[in-house]
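Trainee: Pasted the sequence and its predicted model underneath.
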Amino acid sequence: MIDINKLKEDQIKLAKKLSHTDQFDKIKSIAGVDYIYTDKDIICSIVVLNYKTLEVIEKKYAIEKQKLSYIPGFLSYRVASVTSNAFSLLENKPDLMMISANGILHPRKIGAASVFGLTTDIPTIGVAKKRLCGEEIDDAVYIDKEVLGKKIITKEKAKPVYVSPGHKISLKTTIEIVKEMLKGHKLPEPLYIAHKYGNNIKNKLKENNSE
C-alpha cells in the first residue's frame, strides 16, 4: 500500500533542494526524455541532440513493467527507475534535459522533471501536455500567487503545452529554450524526436510479440 502522506513529505523536503537559477554555461547538447506506455510496460526513450544543429548524437531506451498506477502529482515515483536505467546507458551525457513531465509546476513544486534533475545534477526543463494544477491568467500559471510555469501554444490548432523549470534553470531561460526548440511540431524538437523514437520501439515490440 502506498503511503501518500509520506510521499508528500518526501516531496516537500526534496523541493527545498532545487535551484531555480541558471547554473550552466554554454549548452552543447540537449536531451529529450519521453514515456510511452503499453498495457503492462513503460518505455523511457532518451535522445541526445546537438543543441545548435539538432542532429542526433545518441539514442537509448529502457523498458520496465508498470509497478505503480498513475497518481496525479506522483509521476516521479512511477517513472524514476526506468528513467534512471535509460539514462545510465548514455555514453554522451547532455548539458540540459527536456522531460515530458512537470518541473516545479506541481502542487509541492517538484514534478518528475525536477526530481530527475536533482538525481542527475543536470539542468532540466519540464514540458507537460496538460495542466496539473494552478490558476491560469493569460499565459502564466500561478500557484500561491507565484508564477511557476507558462502555457505555450506551440502550433496553430494544437493544444498548448505547460512549461516549467525543473532544476538548475530559471523560468525565463526555460521559456526561451522551449521556444527556440519549436520547429513546427506540437512538441519541442527534443521531445518530438524522443516521442517518435519511443513509438518506434513500442511498434517493434508489438511486431516481435505477434510473431
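Mentor: Structure's in. What do you need?

Trainee: Only C-alpha atoms from now on, for both contacts and neighbour counts.
Mentor: Will do.

Trainee: Could you measure from residue 10 over to residue 76?
Mentor: 12 Å (Cα to Cα, to the nearest Å).

Trainee: And these two? Which one has more around it.
Mentor: For residue 10 versus residue 76, neighbours defined as other Cα atoms under 10 Å are more numerous around residue 76 (22 against 12).

Trainee: hang on, that one in a helix?
Mentor: Yes - Residue 76 forms part of a helix when assessed by DSSP: H, G, I helix; E, B strand; the rest coil.

Trainee: For the remainder of this discussion, apply numbering that starts at 5.
Mentor: Shifting the count to begin at 5 puts that one at residue 80.

Trainee: Next, the contact list for it, please.
Mentor: If you count contacts by Cα atoms under 8 Å, 6 or more residues apart in numbering, residue 80 has them with 115, 116, 117, 119, 120.

Trainee: give me that answer again for 10 Å
Mentor: Contact analysis of residue 80 by Cα atoms under 10 Å, 6 or more residues apart in numbering lists 15, 74, 87, 105, 106, 114, 115, 116, 117, 118, 119, 120.

Trainee: Those residues, buried ones only, as a PyMOL selection?
Mentor: Selection command for PyMOL covering only the buried members of the contacts of residue 80, criterion 16 or more other Cα atoms under 10 Å:
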select buried, resi 15+87+105+106+114+115+116+117+118+119+120
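
Trainee: Quickly name whichever of the contacts of residue 80 is closest to residue 52.
Mentor: Using Cα to Cα, residue 87 is the member of the contacts of residue 80 that sits closest to residue 52, with 14.0 Å.

Trainee: Nearest residue to that closest one in space, ignoring adjacent ones along the chain?
Mentor: The shortest distance from residue 87 to any non-neighbouring residue, by Cα to Cα, 6 or more residues apart in numbering, is to residue 48 (5.9 Å).

Trainee: which ones are touching residue 145?
Mentor: Neighbouring residues of residue 145 by Cα under 10 Å, 6+ apart: 109, 135, 137-139, 151-155, 166-168.

Trainee: For these, which entry has the maximal number of neighbours?
Mentor: So for these (other Cα under 10 Å), the most neighbours sit at residue 168, 34 neighbours.

Trainee: List the strands paired with the helix or strand hosting that residue, with their directions.
Mentor: Counting by DSSP states H and E, the element that carries residue 168 is strand 165-171. When pairs are called by DSSP bridges, strand 165-171 turns out to pair with strand 128-132 (antiparallel), strand 150-156 (antiparallel).

Trainee: chain center to it: distance?
Mentor: 8 Å (Cα atoms, centre = their mean, to the nearest Å).

Trainee: For that strand, output the C-alpha coordinates as CSV.
Mentor: Provided in CSV are the C-alpha atoms of strand 165-171 (Å, rounded to 0.1, in the frame of the first residue of the first chain):
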residue,chain,number,x,y,z
VAL,A,165,1.9,22.6,-23.5
TYR,A,166,2.7,23.7,-20.0
VAL,A,167,6.3,24.5,-19.3
SER,A,168,8.2,25.0,-16.1
PRO,A,169,11.8,24.8,-14.9
GLY,A,170,12.9,21.5,-13.4
HIS,A,171,16.2,22.2,-11.7
